[in-house]
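Peer 1: Generate a structure from the sequence data that follows.
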Amino acid sequence: MSGPPPEPNEKKRARGNPGKRPLPTPIAFLAAATTVPPVPEQLAEHGRAVWDRVWTAGQAWIAPATDIELMTRYCEMIDLRDAVREDVLAGDKDVMKLVAVENLLDKMEAKLALNPADRSRVGKAEVERESAVQRLMGAKQGPRGKGPRRKPEPIVDAEVIDDSDDHRSTPAVG
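Peer 2: Predicted structure coming up:
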């Protein structure tokens, strides 16, 4: 049984190479996208919107020099998915067409690191589960996160209850 996949060198470099083992010298550094490349003419409305959104969000790890064809095919598949979905909703019984397109989109999204697991795998981005404010609030939580930890308040006013049996020593009148 093999273990987990090796951590990418980019991620090790970003973390300061915690294992201190020598890392291979990168063969080439790819320039990240600084602007959104022109939208391919063949894309429909949804494909164009995805093109802009992905290039903007992924400009730290998607390189126009090498990834533009993959991005074009991905956005074309988005448009194809819309068309196949419309056919299925209109009564086409072959739902497997839609499943096939969805499976291809999943693979392309992994290659482009468009989901949290693959972004983390390539060491480019991790979705922060809690904000800095939430972390501070969590530090002030009590045991097991059940409400804020509070110091016991000192008792300032206290009523003294005399629990002695003085009333029994007094003779009954009667």
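Peer 1: What count of nearby residues applies to the closest residue to residue 67 other than its chain neighbours?
Peer 2: Nearest non-adjacent residue to residue 67, counting by Cβ to Cβ, 6 or more residues apart in numbering: residue 112, 7.0 Å away. To be clear about C-beta, it is placed using only N, CA and C from the backbone, and glycine gets the same treatment. Using other Cβ atoms under 10 Å, residue 112 has 19 neighbouring residues.
Peer 1: give me every residue that touches residue 112.
Peer 2: 54, 58, 62, 67, 70, 71, 74, 118 (Cβ atoms under 8 Å, 6 or more residues apart in numbering).
Peer 1: Wait, the fifth one touches residue 108, no?
Peer 2: When you say that, I think you mean residue 70. Yes: look at residue 70 against residue 108 with Cβ atoms under 8 Å: they come within range, at 6.8 Å.
Peer 1: More neighbours: which of those two?
Peer 2: The neighbour comparison of residue 70 against residue 108 (other Cβ under 10 Å) goes to residue 108, with 17 against 13.
Peer 1: Longest helix of this structure, counting residues only.
Peer 2: helix 64-89 (DSSP state H).
Peer 1: list the buried ones in that helix?
Peer 2: 64, 67-68, 71-72, 74-81, 84-85, 88 (16 or more other Cβ atoms under 10 Å).
Peer 1: repeat for stretch 45-55
Peer 2: Buried-residue list, stretch 45-55, by 16+ other Cβ under 10 Å: 47, 48, 50, 51, 54, 55.
Peer 1: before we move on, the earlier item: from the contacts of residue 112, which is closest to residue 39?
Peer 2: residue 71 (10.3 Å; Cβ to Cβ).
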